[in-house]
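*Asks:* no sequence for this one, just the structure:
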Ligand SMILES: CSC[C@H]1O[C@H](OP(=O)(O)O)[C@H](O)[C@@H]1O
């Protein structure tokens with residue numbers, strides 16, 4: 001029987017405020033932070049209190065509600081002009097995940113349709129709630145689409161965290177792994193620790209262990225040897241921005257996994273809602289790659305591990321060309337061996 005898993009939901013709107021599960025201190029501390037100011041939410045996104053492309057988008061939608069409330073109280077009928085600067089600051093909080101700008105744009109379109117003489121909050125809150133529920137629904141749909149691609153007794157590897165914590169709930173890559181496990185198709189999951197921010201060891205391991213899904217944590221650098229062993233069937237990952245030809249930006253290290261997978265005959269599955277697809281981008285070379293602070297590499301848990309003032313490069317994402325991807329799973333359907341033509345077909349026909 002398929003149990004409908006009630007997974008954690010890291011974003012909650014309650015008592016007219018936004019509550020975020022602080023993912024910087026998981027797995028050993030479960031701490032919720034409360035926000036009533038959109039600039040504080042922008043800072044929370046930048047600092048990765050909340051992270052993961054879809055989760056960032058849902059969070060931004062609620063931050064627009066907070067910004068519009070403030071604009072209405074401060075500027076009254078001029079709230080539409082007054083809200084603009086806060087939305088710009090929200091949009092610039094992280095550059096790669098297109099879900100962020102997509103959600104803010106969708107909320108802005110709603111603002112444009114509202115009367116300037118009434119508080120925008122009720123309508124905007126209803127839309128933010130809808131965006132949150134749409135994400136969970138999409139994740140469950142993708143979970144089944146992706147699980148249907150798996151053979152029985154599949155052994156899979158995942159990188160970073162594309163789980164319930166990276167979304168409004170259930171997860172994208174982990175949604176496929178959850179549904180695959182529920183369908184009896186997952187024998188084992190290998191979890192890359194995912195340096196430098198350790199989303200794998202701190203977040204993905206936590207999610208899978210809570211649900212009793214058999215997994216093993218490994219150092220990122222162990223992935224090649226695992227593939228060489230011949231044991232691995234799939235690499236299953238999320239995405240932060242997918243170009244119109246299928247090139248995919250995801251956590252740094254994904255490209256390396258895809259090259260290794262091609263060499264070892266392991267299949268690569270990208271799982272992402274269509275809100276992650278940037279139809280305006282010709283290819284992946286145009287995806288902005290976030291450069292994050294040096295201390296994420298030179299320190300662990302606040303302990304300095306490298307020489308003081310060591311020069312650091314810390315790109316948060318890399319781009320995997322569509323040619324190295326076997327399947328892009330969306331809530332509108334699966335694109336096998338993605339190409340510009342096949343992505344256009346998805347856009348036109350959907351599922
Ligand atoms: C559900 S996709 C999540 C996606 O976002 C992660 O990046 P970050 O933790 O920096 O927000 C990673 O790329 C995941 O695949």
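*Replies:* Sure thing, it's come through. Given the structure is predicted, the values throughout are model-derived calculations rather than measurements. Residues are numbered from 1 along each chain as shown.

*Asks:* list the contacts for residue 264?
*Replies:* For residue 264, the residues meeting the contact criterion (Cβ atoms under 8 Å, 6 or more residues apart in numbering) are 227-228, 230, 232. Yep, even glycine has a C-beta here, placed from its N, CA and C like the rest.

*Asks:* now stretch 67-79: mean pLDDT?
*Replies:* Averaged over stretch 67-79, pLDDT sits at 98.

*Asks:* ok, now stretch 314-332?
*Replies:* The model assigns stretch 314-332 a mean pLDDT of 98.

*Asks:* ends of that stretch, how far apart?
*Replies:* 34 Å (Cα to Cα, to the nearest Å).

*Asks:* what's the offset of it from the middle of its chain?
*Replies:* 12 Å (Cα atoms, centre = their mean, to the nearest Å).

*Asks:* Only the buried subset of the contacts of residue 264, as a PyMOL command please.
*Replies:* With 16 or more other Cβ atoms under 10 Å as the criterion, this PyMOL line picks the buried residues out of these:
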select buried, resi 227+232
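
*Asks:* Can you tell me which of the contacts of residue 264 lies closest to residue 219?
*Replies:* residue 227 (14.1 Å; Cβ to Cβ).

*Asks:* That closest one - that's part of a helix, no?
*Replies:* Yes: secondary structure of residue 227 (DSSP: H, G, I helix; E, B strand; the rest coil): part of a helix.

*Asks:* residues in contact with the helix or strand encompassing residue 82?
*Replies:* For residue 82, the host element (DSSP states H and E) is helix 79-91. With Cβ under 8 Å, 6+ apart as the test, helix 79-91 has contacts from 38-39, 41-42, 45, 60, 63-64, 67-68, 70-72, 74-75, 100-101, 104, 107-108, 111-112, 114, 116, 120.

*Asks:* Just the buried residues of that helix, please?
*Replies:* In helix 79-91, residues buried by neighbour count (16+ other Cβ under 10 Å) are 79-80, 82-83, 86-87, 89-91.

*Asks:* by how many degrees do the helix or strand following that helix and helix 79-91 diverge?
*Replies:* Note on helix 79-91: by DSSP H and E, the next helix or strand toward the C-terminus is helix 98-112. Orientation of helix 98-112 against helix 79-91 (axes from the mean of the first three to the mean of the last three Cα atoms, to 10 degrees) gives an angle of 180 degrees.

*Asks:* helices or strands next to helix 98-112 in the packing?
*Replies:* helix 53-75, helix 79-91, helix 121-147 (3 or more Cβ pairs under 8 Å, 6 or more residues apart in numbering; DSSP states H and E).

*Asks:* Which one of the ones you listed lies nearest to the ligand?
*Replies:* helix 53-75 (4.5 Å; Cβ to the nearest ligand atom).

*Asks:* Could you list the low-pLDDT ranges of the stretch 201-350 of the chain?
*Replies:* 350 (pLDDT under 70).

*Asks:* in it, which spans are strands?
*Replies:* 215-218, 234-237, 241-243, 248-251, 267-271, 277-278, 299-300, 303-304, 317-320, 327-330, 333-336 (DSSP state E, counting those that start in this stretch).

*Asks:* Quick one, which of those gets closest to the ligand.
*Replies:* Of the strands of the stretch 201-350 of the chain, nearest to the ligand by Cβ to the nearest ligand atom is strand 248-251, at 3.4 Å.

*Asks:* Please see if the closest one touches the ligand.
*Replies:* Yes: Strand 248-251 is in contact with the ligand by Cβ under 6 Å from any ligand atom, via 250-251.

*Asks:* mind listing what's buried in that strand?
*Replies:* 248-251.

*Asks:* still on that earlier bit, mind checking which of the contacts of helix 79-91 are buried?
*Replies:* Looks like the contacts of helix 79-91 have 38-39, 41-42, 45, 60, 63-64, 67-68, 70-72, 100-101, 104, 107-108, 111, 114, 120 buried, using 16+ other Cβ under 10 Å.
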